[in-house]
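Enquirer: Okay, here's the prediction I keep looking at, along with the sequence it came from:
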Amino acid sequence: MAVTVRFAPSPTGRLHVGNVRTAILNWLFAKAEGGTFMLRLDDTDAERSTEAFAEGIREDLRWLGLNWALEERQSARVARYEAAAEGLKRAGRLYACYETEDELDRKRKRQLARGLPPIYDRSALKLSDEERAALEREGRRPHWRFRLANSEEDLNPLPTIVSWNDLIRGDQTVDVGSLSDPVLIRADGTFLYTFTSVVDDADFAISHVIRGEDHVTNTGVQLQLFEALGADPPAFGHHSLLIGAEGHALSKRLGALSIESFRAAGLEPMAVASYTALIGTSDPIEPHAHLDDLVRLFSFAKISTAPARFDSDELKALNARLLHKLPYAEVAPRLKALGVGGGAEFWDAVRGNLATLEDAGRWWRIVSGDVAPLSEDRELTARAAALLPAEPWDDTTWDTWVAALKAATGRKGRALFHPLRLALTGLEDGPELKALLPLIGRAKAERRLRGSAS
RNA sequence: GGUCCCUUCGUCUAUCGGUUAGGACGCGAGAUUUUCAAUCUUGAAAGACGGGUUCGACUCCCGUAGGGACCGCCA
């Protein structure tokens, strides 16, 4: 069977870590199986869905390198949903309800107050044709519910326990007998996610649905919908959700966790991809330079069922580690775009000190641009300037120079190197001076050691 | 109120009845860099709690506690 998976965000916001974990798990699985990855925009909520968010989501996906073979949007498939709904109505699985949202809300509260589960009581099922007509005359428009199998109400009881073998969680069961019949069609005639998702999964022959564990009960309902629609259901896999570093639900301050913000903070897409693909799995969370590496690692068996903590400090550290191991060839074009020169020699000198790639630009300016030196010990740096060897310089220059300086001043260790670093770079810390010195060059080095900006 | 899921070093996790409970990140130490960072080596660090079952439980069962999810005319 051909593998086809879909990532189905609703364009009501930008992508965040949780979303992206679902996206990348789907993408990785598709690639591992030589299958198809589809982007489906679930925009049935017209109130909140916007084209700007849809484009933002595409942008986020592209930035991560998660390409999709086809794209669909649910708002364009209404005719198809109408046809499917007709079939359900004919089969008696879809029934008209006339309660207002207010009435339903009160009903739920009453049930809860009495210690009962807030389940729809199916009173609409008992309405006579005359009653329905009267309600319609009042101006009420019906919304439609899908009648779940329920042995209590059915003359020919269907089993209420729905089960499947979850790709990640193993054998799962959901008792739909304890669930409300889901509303599939709003009073205004528009369709709800539970329904459109199933119709689409069937129509596009989705073979595997990989999503968050917040959907496990939905799966019970949707499995019944597949059956009612006469469609073969896909396999399901539900991963755990991410929680915050403090150990509580993540959903709160999602803005700070958007992919957009990671990009703005200068994080590497592969750091974000590595982190989201590996967190909550038994593989070590290590930086990988290519999505292919993550594809090779992918396995449902490695995905844990316990919620994992997302820690942005860990993401940042992973980003730094990724940069530290990246060879020059991988970053050369991007360095050029940042206006960074110096070739591989420069990159190898500074990469161990980078938190983001932009930092390379900072070091390039220190090496090639103007730096206001900090004078901690004018006498020492003046002696140092006088002892600077003649050019040409190479990677032995530093050792020769330092040996001479040490002999002349008797200084060593921090007392010797700290003033030199401050004068040469204007900073407390940074890459090895031995590698930096030839990059700075004699003229600049001398002026900086003498205390003038250069 | 109901249903489902989870709980091993600080963090992500391995173990699928018998292990010195392993790895990775982080942390400590050492080496190297005659400074800082990077790098290498090395060390400390864990089975939530209480009951069972068993010759033997991290592993199986029950309970407790804690955490997560769902119960929408959101997705």
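Expert: Everything's here; your move. Bear in mind that the values here come from a model prediction, so they are computed numbers and not experimental data. Residues are numbered from 1 along each chain as shown, chains lettered A, B, ... in the order given.
Enquirer: Tell me who's in contact with the nearest residue to A:Leu380 once chain neighbours are set aside.
Expert: In space, and not counting its chain neighbours, A:Leu380 is closest to A:Pro419: 5.2 Å by Cβ to Cβ, 6 or more residues apart in numbering. Glycine gets a C-beta too; all of them are placed from N, C-alpha and C. Contacts for A:Pro419 were tallied using Cβ atoms under 8 Å, 6 or more residues apart in numbering; they are A:Ser375, A:Glu376, A:Asp377, A:Leu380, A:Thr381.
Enquirer: rerun that using 10 Å as the cut-off
Expert: A:Pro419 sits next to A:Pro373, A:Leu374, A:Ser375, A:Glu376, A:Asp377, A:Arg378, A:Glu379, A:Leu380, A:Thr381, A:Ala384, A:Arg411, A:Leu449 when contact means Cβ atoms under 10 Å, 6 or more residues apart in numbering.
Enquirer: again, but for A:Ala96
Expert: Counted by Cβ under 10 Å, 6+ apart, A:Ala96 has contacts A:89, A:124-125, A:127, A:132, A:135-136, A:140-145, A:185, A:187.
Enquirer: tell me the phi and psi of it?
Expert: Dihedral pair for A:Ala96: phi -80, psi 140, per degrees, to the nearest 10.
Enquirer: measure it to A:Val17 for me?
Expert: A:Ala96 sits 41 Å away from A:Val17, taking Cβ to Cβ, to the nearest Å as the criterion.
Enquirer: which one of the contacts of A:Pro419 is nearest RNA strand B?
Expert: For the contacts of A:Pro419, the residue nearest RNA strand B by Cβ to the nearest atom of the strand is A:Arg411; the value is 8.5 Å.
Enquirer: On the three-state scheme, that closest one is what?
Expert: The three-state label given to A:Arg411 by DSSP: H, G, I helix; E, B strand; the rest coil is coil.
Enquirer: Now do it: how many residues are near it, please.
Expert: 19 (other Cβ atoms under 10 Å).
Enquirer: which non-adjacent residue is nearest it?
Expert: Once flanking residues are discounted, A:Arg411 sits nearest to A:Leu380: 6.6 Å by Cβ to Cβ, 6+ apart.
Enquirer: tell me the secondary structure for that neighbour?
Expert: From three-state DSSP, the assignment for A:Leu380 is helix.
Enquirer: among the contacts of A:Ala96, which are within reach of RNA strand B?
Expert: A:His143, A:Ala187 (Cβ under 7 Å from any atom of the strand).
Enquirer: Among the contacts of A:Ala96, name the buried ones.
Expert: Buried members of the contacts of A:Ala96, counted by 16 or more other Cβ atoms under 10 Å: A:Ala124, A:Leu127, A:Leu135, A:Arg140, A:Pro142, A:His143, A:Trp144, A:Arg145, A:Ile185, A:Ala187.
Enquirer: if you look at those residues, which of them are in helices?
Expert: A:Leu135 (DSSP state H).
Enquirer: No more questions from me, cheers.
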